[in-house]
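Chemist: Sequence first, predicted coordinates after that:
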Amino acid sequence: MLSSIVTFVGSSSKRANLLKEIQEAEIAESSADGNLETGKVLNQIRSLKRAGMTRWGSHFASVNNLVHMFKEVSQLLQNMMIDKELAGSIRGDAKGFLKSLKAFDFVFCLLLTNKIMGITDLLSQALQRQSQDIVNAMNLVSSTKTLLQELREHGWINFFQSVQQFGDDQGLDMPNMDAPYSMGTGRENFYPEEFDTSEVRALKLQLEHYKCQVVSDKDFQELSSLAQVCRRLVETGLEKKFPLVDMLIRLVLTLPVSTTTTERAFSAMKIIKTRLRNKMEDEFLSGCMMLHIEKEYVDDIDSEAVIDHFESTGDHRAQFR
């Protein structure tokens with residue numbers, strides 16, 4: 001998606017000039033407000049860069065530039081989306097790219113890629129030199145591995161906070177990760193509102209006893225899954241002793257089942273509603289998705305019967321036979 005956005009924005013000199021004008025206006029406004037540090041080599045006008053096929057450093061430059069120009073690129077796509085002088089297909093592409101650009105998953109992957117590539121950039125540059133300093137290269141390998149391990153083990157919270165801050169600065173809709181998760185399974189719905197304060201306190205107490213009694217119980221040793229734990233609770237009769245813990249485990253086990261339909265729907269949407277089909281109406285999209293998701297039922301539909309029914313509804317400009 002990043003490559004497509006860069007290609008779309010940079011496909012004409014007019015768009016490149018418009019992007020430059022937006023950057024200049026942004027720099028002038030920030031400087032007038034006193035929110036921008038000024039000085040030599042500061043506040044340079046950037047341009048989006050396409051990643052080369054053989055130069056790893058060009059990928060980092062492409063990602064890094066989009067991070068720094070995120071607001072300006074968003075503004076350009078917004079302007080193109082409402083520009084009546086542009087062809088409808090171009091406005092539609094601009095709308096689709098803007099939607100993708102502001103999506104949380106895109107922003108998250110963009111910043112994570114930028115973070116990782118920033119850590120590995122020095123090593124990448126060193127390995128591309130014709131004259132290799134083996135000692136320096138090995139030291140860079142060691143320091144790069146250390147920094148990546150630190151990011152993995154201790155840097156996740158700070159990184160995610162930076163993602164949230166970036167989203168707030170750009171005015172994006174960021175998900176609230178502290179919000180309780182709700183789900184439905186069959187006829188039963190499990191929401192936080194259905195558990196009163198006393199049940200929450202009782203659950204905490206049961207978990208404390210569960211930790212002391214069950215974890216050290218020999219009957220629960222060498223169990224490798226929650227399903228086995230749930231089954232063993234029933235076999236030993238402990239599900240009656242810890243009913244809320246048992247319910248909690250069952251909720252976790254049913255979560256994948258309850259989200260399967262939703263995940264299939266989103267997967268189908270990504271396949272059906274591509275960038276070239278982003279103007280598809282909701283009713284038509286819903287029908288296409290239903291046919292894609294429920295393939296096992298669609299196989300039993302007689303196409304000839306559908307055609308006969310369609311032709312019987314009235315005259316049409318196109319004949320099917």
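Modeler: Done, it's in.

Chemist: Next one: residue 100, what pLDDT does it get?
Modeler: We have a pLDDT of 88 for residue 100.

Chemist: Kindly report the same for residue 188.
Modeler: Reported pLDDT at residue 188 in the predicted model: 51.

Chemist: Residue 133 too?
Modeler: Value listed for residue 133 in the pLDDT field: 76.

Chemist: Next: residue 116.
Modeler: Among the per-residue scores, residue 116 holds a pLDDT of 91.

Chemist: Name all residues that make contact with it.
Modeler: By CB atoms under 8 Å, 6 or more residues apart in numbering, the contact set of residue 116 is 148, 151. C-beta coordinates here come from the backbone N, C-alpha and C atoms, glycine included.

Chemist: try it again with 10 Å
Modeler: Applying CB atoms under 10 Å, 6 or more residues apart in numbering, one finds that residue 116 lies in contact with 60, 63, 147, 148, 151.

Chemist: Turn those residues into JSON lines, including neighbour count.
Modeler: Shown next, in JSON lines, are those (neighbours: other CB atoms under 10 Å):
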{"residue": "60", "neighbour count": "21"}
{"residue": "63", "neighbour count": "24"}
{"residue": "147", "neighbour count": "15"}
{"residue": "148", "neighbour count": "15"}
{"residue": "151", "neighbour count": "16"}
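
Chemist: Mind checking which of these are in strands?
Modeler: Assigned to strands by DSSP state E, none of the contacts of residue 116 qualify.

Chemist: I'd like to know how far the closest residue to residue 127 other than its chain neighbours sits from residue 163.
Modeler: Leaving aside its chain neighbours, residue 127 sits nearest to residue 137 (6.6 Å; criterion: CB to CB, 6 or more residues apart in numbering). Shown here: residue 137 relative to residue 163, a distance of 32 Å by CB to CB, to the nearest Å.

Chemist: Give me the more crowded residue out of those two.
Modeler: A direct count of neighbours by other CB atoms under 10 Å for residue 137 and residue 163 places residue 163 higher, at 18 against 14.

Chemist: tell me the phi and psi of that one?
Modeler: Per-residue torsions, residue 163: phi -70, psi -40 (degrees, to the nearest 10).

Chemist: Mind telling me what element residue 93 is part of?
Modeler: helix 88-101 (DSSP states H and E).

Chemist: Show me how far that helix is from its chain's centre.
Modeler: How far helix 88-101 lies from its chain's middle: 18 Å, per CA atoms, centre = their mean, to the nearest Å.

Chemist: Extract the CA atoms of that helix and return them as PDB.
Modeler: What follows is helix 88-101 as a C-alpha-only set of coordinates in PDB (Å, rounded to 0.1, in the frame of the first residue of the first chain):
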ATOM      1  CA  GLY A  88     -13.900  10.500 -11.200                       C
ATOM      2  CA  SER A  89     -11.600   7.500 -11.200                       C
ATOM      3  CA  ILE A  90      -8.700   9.700  -9.900                       C
ATOM      4  CA  ARG A  91     -10.900  11.100  -7.200                       C
ATOM      5  CA  GLY A  92     -12.000   7.600  -6.300                       C
ATOM      6  CA  ASP A  93      -8.400   6.400  -6.100                       C
ATOM      7  CA  ALA A  94      -7.500   9.400  -3.900                       C
ATOM      8  CA  LYS A  95     -10.400   8.500  -1.600                       C
ATOM      9  CA  GLY A  96      -9.300   4.900  -1.300                       C
ATOM     10  CA  PHE A  97      -5.700   5.800  -0.600                       C
ATOM     11  CA  LEU A  98      -6.700   8.300   2.000                       C
ATOM     12  CA  LYS A  99      -8.900   5.700   3.800                       C
ATOM     13  CA  SER A 100      -6.000   3.200   3.700                       C
ATOM     14  CA  LEU A 101      -3.500   5.800   4.900                       C
END
